[in-house]
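[1] 3D model of this:
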Amino acid sequence: MEEFEQARKARLRVRVGAVIVVVLVALGGAVLATALTDSPTALEIARGEVGDGGDSFAIEAPSLFVHVTGAVARPGLFELAEGARVIDAIAAAGGFTDDANRDQLNLARLLTDGEQFAVPAAGDGDDAAGATESDGRVNLNTADAAALDTLPRIGPAMAARILAWRDANGRFTSIDDLRNVAGIGDATFDGLRDLVTV
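    Here you go, the predicted structure:
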């Protein structure tokens, strides 16, 4: 009887030991799988993490870099999604400061990669305001880059081209002269026709 009891206890110890070994092997496999799989970074999550079962990969949306200066809470360089607008860059920069002149920028304008724009403070945009007629149209002969930048499809690079054309050729005699500026095609001109004057 005593031998039978000892044999039963031995078999029980073997079973318990086998269960412990199986559990340890399973835990080791889980730890190894976790170590071999990179966990997604915050940037990948922000850009869109796609998972299917245990496999995951990041879809990287096209991005652009914009330098925001002037009357914003945190001026600096920001990475934004393609298709972002001026208002998105201002939000990334922490929003307007209390003294920001919000009416001097076209907040709906699409951004381009590598551009820089300044948010003017109150009083900074007096020259640009003088380039705007009472009906709201921008005068091509008196506008500076900031005033031109308020127009649709006119970013800093295009504003610089308009100013360069004016410097080289003198005053605009009619709004049709805009067609002579490199980069202004029919679609852009049609969008500007009612917003500018000379």
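[2] so the residue most central in space within the chain, which of the three states?
    Among the residues of the chain, the one closest to the centroid is Leu80, at 1.2 Å (CA atoms, centre = their mean). Following DSSP: H, G, I helix; E, B strand; the rest coil, we place Leu80 in the strand state.
[3] so what's it up against?
    With contact taken as CB atoms under 8 Å, 6 or more residues apart in numbering, Leu80 is in contact with 63-66, 88-89, 92, 111. In this view, the C-beta of every residue, glycine as well, is placed from N, C-alpha and C.
[4] ok, 6 Å please
    Leu80 makes contact with 64, 88, according to CB atoms under 6 Å, 6 or more residues apart in numbering.
[5] what stretches of this structure score poorly on pLDDT?
    1-5, 7, 19, 23, 26-61, 123-135 (pLDDT under 70).
[6] and the longest strand along the chain, how far from the chain's centre?
    Using DSSP state E to define each element, the chain has its longest strand at strand 63-70. Counting by CA atoms, centre = their mean, to the nearest Å, strand 63-70 is centred 8 Å from the centre of its parent chain.
[7] so which elements touch that strand?
    strand 76-81, strand 116-119 (3 or more CB pairs under 6 Å, 6 or more residues apart in numbering; DSSP states H and E).
[8] possible to save these as a markdown table with distance to Val21?
    Below are the helices and strands packed on strand 63-70 laid out as a markdown table (distance: least, CB to CB, whole Å):
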| stretch | distance to Val21 |
| --- | --- |
| strand 76-81 | 50 |
| strand 116-119 | 64 |
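[9] okay, the ones you listed, which one's buried deepest?
    When those are scored by mean count of other CB atoms under 10 Å, the highest mean neighbour count falls to strand 116-119 (a mean of 19).
[10] please name the strands paired to it in the sheet, noting orientation.
    strand 63-70 (parallel) (DSSP bridges).
[11] closest to Lys9 out of the helices and strands packed on strand 63-70?
    Nearest to Lys9 among the helices and strands packed on strand 63-70 is strand 76-81; the distance by CB to CB comes to 66.7 Å.
[12] tell me the angle that closest one makes with strand 63-70.
    Orientation of strand 76-81 against strand 63-70 (axes from the mean of the first three to the mean of the last three CA atoms, to 10 degrees) gives an angle of 150 degrees.
[13] so how far is strand 76-81 from its chain's centroid?
    Relative to where its chain is centred, strand 76-81 has its mean C-alpha point 5 Å off (CA atoms, centre = their mean).
[14] now whichever helix or strand comes after it: buried residues?
    Proceeding C-terminally, strand 76-81 gives way to helix 86-92 as the next helix or strand, assigned by DSSP states H and E. Under the neighbour-count criterion of 16 or more other CB atoms under 10 Å, helix 86-92 has 86, 88-90, 92 buried.
[15] out of the helices and strands packed on strand 63-70, nearest to Ser174?
    strand 116-119 (28.6 Å).
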